[in-house]
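Peer 1: structure of the sequence below:
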Amino acid sequence: DYTEKVFSDYDLTLVNVFTTWCSPCVNEIPELEKLYEEMKEKGVGVVGVVLDTVGDDGKQDDATVKKAGVLQEKTKASYPFLIPDSTMMNGRLNGISAFPETFFVDKEGNIVGEPLMGGIDDQANYDQLMEQIQAVINQ
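Peer 2: Reported below is the predicted structural model:
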């Protein structure tokens, strides 16, 4: 469970939408953890949204929620993994069909910058993500 307060704790929050069955999604979690540890004191937070924890019927899939918890433990991710709410984050999560997808949310809960499609599981992609964070912060 979460509220918009998850965004008010930081000037900028990186929201990483992923599924438990997506290898590139899982492979980038350690990089996102590294980014979180590096940037949280600078006002940048990270949250993961585990999209497959909610079925097409809008109901929570308990088995997948457990799987996400195990995944969080194994990857040592200290940032929160969120389960989509009934509004799918005010509709923002509707229609996401490529995983992972990453976007940024400001302190008021507004989406800022451009979404990123695909994983950040190598240094070049990590550097590109850091550049985008700096660009959004400096707007």
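Peer 1: tell me which element Gly69 is part of?
Peer 2: Per DSSP states H and E, Gly69 falls inside helix 62-75.
Peer 1: next, the buried residues of that helix.
Peer 2: 64-65, 67-68, 71-72, 75 (16 or more other Cβ atoms under 10 Å). (Each C-beta comes from the backbone N, C-alpha and C, glycine too.)
Peer 1: can you put these in TSV and add pLDDT and distance to Pro30?
Peer 2: Formatted as TSV, the buried residues of helix 62-75 follow (pLDDT from 0 to 100; distance: Cβ to Cβ, whole Å):
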residue	pLDDT	distance to Pro30
Thr64	92	21
Val65	91	21
Lys67	94	18
Ala68	94	16
Leu71	93	12
Gln72	95	12
Thr75	94	6
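Peer 1: from the residues you listed, which single one is nearest Ser23?
Peer 2: Leu71 (11.8 Å; Cβ to Cβ).
Peer 1: where does the nearest residue to that closest one once chain neighbours are set aside land in three-state SS?
Peer 2: Among residues not flanking Leu71 along the chain, Thr20 sits closest, at 6.0 Å (Cβ to Cβ, 6 or more residues apart in numbering). Per DSSP: H, G, I helix; E, B strand; the rest coil, the local secondary structure of Thr20 is coil.
Peer 1: in this structure, which spans are strands?
Peer 2: 12-18, 44-50, 81-82, 101-106, 111-117 (DSSP state E).
Peer 1: which other helices and strands contact the first one?
Peer 2: Packing partners of strand 12-18 (3 or more Cβ pairs under 8 Å, 6 or more residues apart in numbering; DSSP states H and E): helix 23-39, strand 44-50, strand 101-106, helix 123-137.
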